[in-house]
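Asker: Starting from these lines, generate the structure:
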Amino acid sequence: MAQPARPPTGYPSQNGAGQQPYSNGPVQNQLMHSSDGQGYSPSVPGLYSHQTPAKVPPHQTSGQYNYSGSQNVSQLNNYQGPGQTLNRPPVAPFSGSPVQQTGPVPQVLLPALQNSAAISSAGSFPPGASPPVLSNWQYSQTPVSQPVGSQTSHLAHVTGTGSAQPPSSLSGNTKPPGNYQYAASPGGPPLQNSYMKPGSAPPPVTQPLTPLHPPARPPLGPPPVGGPPLIRPSTLTAGPPNTQSLLNSAANREGDATSAASDGSVVQNSYDAIEGGGLMATPHPSPAPPNLKMNRSVGYSYPTLPPGYQNTSPPGAPGMQASALQYPDGSKHFHQPALGTNHLTASMGGLSLQQEGLRPVNLLQERNILPMTLLKAPVPNLHEDIQKLNCNPELFRCTLTNIPQTQALLNKAKLPLGLLLHPFKDLSQLPVVTSSTIVRCRSCRTYINPFVSFLDQRRWKCNLCYRVNDVPEEFMYNPVTRVYGEPHKRPEVQNATIEFMAPSEYMLRPPQPPVYLFVFDVSHNAIETGYLNTVCQTLLDNLDLLPGNTRTKIGFITFDSTIHFYSLQEGLSQPQMLIVSDIEDVFIPMPENLLVNLNENKELIQDLLRTLPQMFTKSLETQSALGPALQAAFKLMSPTGGRISVFQTQLPSVGMGALKSREEPNQRATAKDIHLTPSTDFYKKLALDCSGQQVAVDLFLLSGQYSDLASLGCISRYSAGSVYYYQSYHHKHNPVQVEKLQKELKRYLTRKIGFEAVMRIRCTKGLSIHTFHGNFFVRSTDLLSLPNVNPDAGYAVQMSVEESLTDMQVVSFQSALLYTSSKGERRIRVHTMCLPVVTTLSEVYLGADVQAITGLLANMAVDRSVSATLSDARDALVNAVIDSLSAYRSSVLSIQQPGLMAPFSLRLFPLYVLALLKQKAFQTGTNARLDERIFTMCQVKNQPLVYLMLMTHPSLYRVDNLTDEGALNINDRTIPQPPILQLSVEKLSRDGAYLMDAGSVMFLWIGKNCGQSFISQVLGVPNYGSIPQNMTHLPELETAESIRTIAFISWLREQRPFFPILYIIKDDSPLKSSFLQNMIEDRTESALSYYEFLLHIQQQVNK
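Answerer: Coordinates of the predicted model:
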């Protein structure tokens, strides 16, 4: 079949098609997606030229930056892979056919580099050839894979000025002080703000789950009446996949060797080459020595050199904070158990040690299944010595801790396979290695890690592609123990989480300085809210705490219907305002003095921040030119990259990117016809331009009216930024929002930040990653572009078993984040996780991580809501529960029992899915504002799992009887630990006081007959009737009850990067409805109770 022409439109999809703003990357989601996805190509603008033109057309001509390309899309088919029989019809019929690549793929061999990343300027295509790209209407049913022995070098290329220089000529990085220096340095300040304490570890939290199935079942409503509806009317059979054509197109896609710079020159495309090959990079594996048996178990023939298992407590071990990652300084010598069958705790067949996880639970009878403490991540079934070295689940977590050996087994389990990551999380201790040698696999570029095998002192076998590599001479010496010949005891092989100081080979240009640009809405509406006073004062207070060094730059832009720049030139007595009224053709009036050095111009900057709030108090300008202001900000930031923080209070009304209201109040409650998709692609296109120039945009929306966050949010989503939303912000009418903005802005301004980052996730041969979730741009097949990376962002990926994992006992996953620190250091943070492979369905269920499953499903449900409808997403969530419990009942339970049976590991699955259905992102029947719904969806896509679960299934505590029994002692503070209660009014007593922690908000409900001592000694009022209606703070009283209550609430607040407002409510409080809305187990007007939901599930399972 002839290769179709590249589609003419620009930016159709990457993090989702124009019609699918929430589907990140190649949508190859077997569980949830619509079948009209579009693709991307790695021909992305890279580092632009370092000149700011006086005038530039506001938008590029069509086709100049073409982000379309091939995207792997499989049908939504009940978790069943290609060639399986489908039980439920797909959302849309499969159309089109896989592309047949004609002609051979040119091959490029990477030089055998051991100590540095492979950097090649050679292209994968002959001169003049352009890589073929799949058009938008073609689909393939299988994930991309690369046959063993393929020699294609996958080096994508990015346009840029700095990238044309050889790495050796680059300067600006902090020079490593020597060949081998190891420092256990904190990974940046722990959560730095008034409500975050250093070193506190966030509690594990559960996440919402997302629909993965076609909308074949009726939406939830009152309990079903009469006969059961016919759910599965037809059976479809998918034909065998055509894998070769996809391989060819994938190789071409990632092998796009060059791209044209804006001046027509051809430059090397950087980051893919620097970080190393991706999913399919397998350059000429060296033949194994003839006498070496290359089987796929790990570490079998050199038992005296272990990956030494020393001094590392398992995550969550007593006496160790979950976030503290330590590496050993001793040289204890342990005998190395072979990383084979005996690394699994129980025999793979008998599972004698973990029967509890498989114990059938009758959900209709066992009502008290919610644990009284926060649910912890399941521990993988690995040998103790291996598990001791495994990655902390707060950083890296898999939905299944037992990986099914085949895709067929995964399909049978009806559970999603995926990873949830929190890669840049604040860590109280992080091993940092400065060495001239970063040891990586020569084939797949995996970083050496605790799960590789040392065949002898001179050779190690990669745990991802099984290639045998030489140990570099420098790696033989261990500076920690000062012993030569013990490479297995180096910190790189002792720590699943480690950070490398990267040498110059890992740079495209000198590390950029920290650059911060603030863009403020100063229209009449914005000034009326009073936000500018709060923001400017918070910025003044924290100016010295901005992450950076002597090179830090800062600048300011304000806008209404015109754009105002501020010259902060040295020598001026006060800042000079420059107004640009031509918003149709924005230009930079004075490029050189608008971004200035923070330290050298601090007084002028402080003057500007003090005067800004008063400058526009008499303004009557009501228009908002947000689009042109962002264009101006982009042009100003392009030469360096950095962070744009934009504050907006209304719907943009003039210039490029102007929007019109799409919210109809009477439609808020329905699941149909709500506008979840962007109304324009302006913000997405601009975000992709920003990403190409290493600029991220963070959006602060402070609005009491509809502002079309579905459209505005794209500016942050595709540039790896963040979205903050303060509904109905007003300094007088809504004062609690002022405190929230102050606290969250302080955290935002002072937390650590990484610039010009890229992240790649690798996995053992046989597994493949096909869909990404989070805020970023997928630069090549699997390279995530993150112009900024922050410690509060989470990511998720979906995976499939591409080739049978036969003969493998364990598989590994590794994420590598390459970034520039605020101090100008190029660093690489690596996390590696090892999990066992299993062959039976019961073992797959045994290792299910219900919180991670919920979190991944929640991400998939957001995509489904946007690409299809909210109803489809809700149905798919319900079907995910029905299908997994049906599979368990029919294939694992030996004796059929009445009731609704679930394995112990999935006992909370229906409860968490019901919680998702009642969450603002997916609920129906309530008067939720459209922007509020969209913001919750943004949070689902960008929150680490621990916070997402708390927002989905809040924690309820009784707090009028707190005691010191079982309390934590942290920094001389005693923190009570009351038990967690079920979310039902049945658990409330009018005699008590109850705290509900819903993540971003807290409610303290006071019963009518609550004890007088609590009311007076904690609330500080004489009686129940005296409790103020709008009380949001507890007074600090010198009573034991007050000290305990405040300590508990403060401890909960400290463990998250956002500030939850505390609302104290009584029976007659207007906020009581919000409190009751979070009672997941109770029935509401539009949603079932937990028991009714279980009956509905049982009816479907028993069909």
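
Asker: for Leu1004, helix, strand, or coil?
Answerer: Classification of Leu1004 by DSSP: H, G, I helix; E, B strand; the rest coil places it in strand.

Asker: got a list of what it touches?
Answerer: Leu1004 makes contact with Val959, Ala993, Tyr994, Leu995, Met996, Leu1034, Leu1062, Tyr1063, Ile1064, Ile1065 under the criterion CB atoms under 8 Å, 6 or more residues apart in numbering. To be clear about C-beta, it is placed using only N, CA and C from the backbone, and glycine gets the same treatment.

Asker: In strands only, show me the residues you listed.
Answerer: Counting by DSSP state E, the members of the contacts of Leu1004 that fall within strands are Ala993, Tyr994, Leu995, Met996, Leu1062, Tyr1063, Ile1064, Ile1065.

Asker: pLDDT weak spots in the stretch 1001-1103 of the chain?
Answerer: Applying pLDDT under 70 to the stretch 1001-1103 of the chain flags no residue at all.

Asker: make it 90
Answerer: 1029-1030, 1055, 1067-1071, 1073-1074, 1084-1087, 1102-1103 (pLDDT under 90).

Asker: Now name the helix or strand holding Gly858.
Answerer: Actually, residue 858 is Ala. It isn't Gly. In this structure, Ala858 is located in helix 850-867 according to DSSP states H and E.

Asker: pLDDT below threshold where in the stretch 801-950 of the chain?
Answerer: Scanning the stretch 801-950 of the chain residue by residue, the ranges that satisfy pLDDT under 90 are 807, 893-899, 924-929.

Asker: which residues in it form helices?
Answerer: Along the stretch 801-950 of the chain, the segments classed as helices by DSSP state H, counting those that start in this stretch run 841-846, 850-867, 870-891, 909-917, 930-942, 945-952.

Asker: Would you mind writing the CA trace of the last one as CSV?
Answerer: Okay, so that is helix 945-952. What follows is helix 945-952, C-alpha atoms only, in CSV (Å, rounded to 0.1, in the frame of the first residue of the first chain):
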residue,chain,number,x,y,z
LEU,A,945,-1.4,8.9,43.0
VAL,A,946,-1.3,9.6,46.7
TYR,A,947,-3.1,12.9,46.3
LEU,A,948,-5.5,11.7,43.6
MET,A,949,-6.8,8.9,45.8
LEU,A,950,-7.4,11.3,48.7
MET,A,951,-9.5,13.5,46.4
THR,A,952,-11.4,10.5,45.2
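
Asker: What helices and strands are in contact with that helix?
Answerer: Helix 945-952 makes packing contacts with helix 850-867, helix 909-917, helix 930-942 when contacts are defined by 3 or more CB pairs under 8 Å, 6 or more residues apart in numbering; DSSP states H and E.

Asker: Also the third one?
Answerer: Packed against helix 870-891 by the contact rule (3+ CB pairs under 8 Å, 6+ apart) you find helix 407-413, helix 841-846, helix 850-867, strand 901-903, helix 909-917, helix 1090-1101.

Asker: one more time with 6 Å, if that's ok
Answerer: Using 3 or more CB pairs under 6 Å, 6 or more residues apart in numbering; DSSP states H and E as the contact criterion, the neighbours of helix 870-891 among helices and strands are helix 850-867, strand 901-903, helix 909-917, helix 1090-1101.

Asker: who touches the shortest one?
Answerer: Contact partners of strand 901-903, identified using CB atoms under 6 Å, 6 or more residues apart in numbering, comprise Leu358, Pro360, Val361, Asn362, Leu363, Tyr845, Leu885, Tyr888, Arg889.

Asker: what about 7 Å?
Answerer: Applying CB atoms under 7 Å, 6 or more residues apart in numbering, the external contacts of strand 901-903 come out as Gly357, Leu358, Pro360, Val361, Asn362, Leu363, Tyr845, Leu885, Tyr888, Arg889, Leu893, Phe909.

Asker: quick one: strands adjacent to that strand?
Answerer: strand 360-362 (antiparallel) (DSSP bridges).

Asker: buried stuff in the partner strand?
Answerer: By neighbour count, and taking 16 or more other CB atoms under 10 Å as the criterion, the buried residues in strand 360-362 are Pro360, Val361.

Asker: Would you tell me what the next helix or strand after that strand is?
Answerer: Per DSSP H and E, the first helix or strand lying C-terminal to strand 360-362 is helix 384-387.

Asker: immediately after that following helix, which helix or strand?
Answerer: In N-to-C order, the element after helix 384-387 by DSSP H and E is strand 396-398.

Asker: Report the rounded mean pLDDT for that following strand.
Answerer: Strand 396-398 shows a mean pLDDT of 96.

Asker: now for it, which elements pack on it?
Answerer: Where contact means 3 or more CB pairs under 7 Å, 6 or more residues apart in numbering; DSSP states H and E, strand 396-398 is packed against strand 418-421, strand 826-838.

Asker: Going by distance to Val862, which of the contacts of strand 901-903 wins?
Answerer: Phe909 (18.9 Å; CB to CB).

Asker: count of neighbours near that closest one?
Answerer: Here the number of neighbours of Phe909 (other CB atoms under 10 Å) works out to 25.

Asker: Give me whichever of the helices and strands packed on helix 870-891 is most buried.
Answerer: Mean neighbour count, computed with mean count of other CB atoms under 10 Å, is highest for helix 850-867 among the helices and strands packed on helix 870-891, reaching a mean of 31.

Asker: send the alpha carbons of it over as PDB?
Answerer: Provided in PDB are the C-alpha atoms of helix 850-867 (Å, rounded to 0.1, in the frame of the first residue of the first chain):
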ATOM      1  CA  VAL A 850      -6.100  -1.500  43.700                       C
ATOM      2  CA  GLN A 851      -5.100   2.100  44.200                       C
ATOM      3  CA  ALA A 852      -2.800   2.100  41.200                       C
ATOM      4  CA  ILE A 853      -5.500   0.400  39.100                       C
ATOM      5  CA  THR A 854      -7.900   3.100  40.300                       C
ATOM      6  CA  GLY A 855      -5.500   5.900  39.400                       C
ATOM      7  CA  LEU A 856      -4.700   4.600  35.900                       C
ATOM      8  CA  LEU A 857      -8.400   4.000  35.200                       C
ATOM      9  CA  ALA A 858      -9.100   7.600  36.300                       C
ATOM     10  CA  ASN A 859      -6.600   8.900  33.700                       C
ATOM     11  CA  MET A 860      -8.200   6.700  31.100                       C
ATOM     12  CA  ALA A 861     -11.700   7.900  32.000                       C
ATOM     13  CA  VAL A 862     -10.700  11.500  31.500                       C
ATOM     14  CA  ASP A 863      -9.500  10.600  28.000                       C
ATOM     15  CA  ARG A 864     -12.700   8.700  27.400                       C
ATOM     16  CA  SER A 865     -14.900  11.600  28.600                       C
ATOM     17  CA  VAL A 866     -13.200  14.000  26.100                       C
ATOM     18  CA  SER A 867     -12.900  11.700  23.100                       C
END
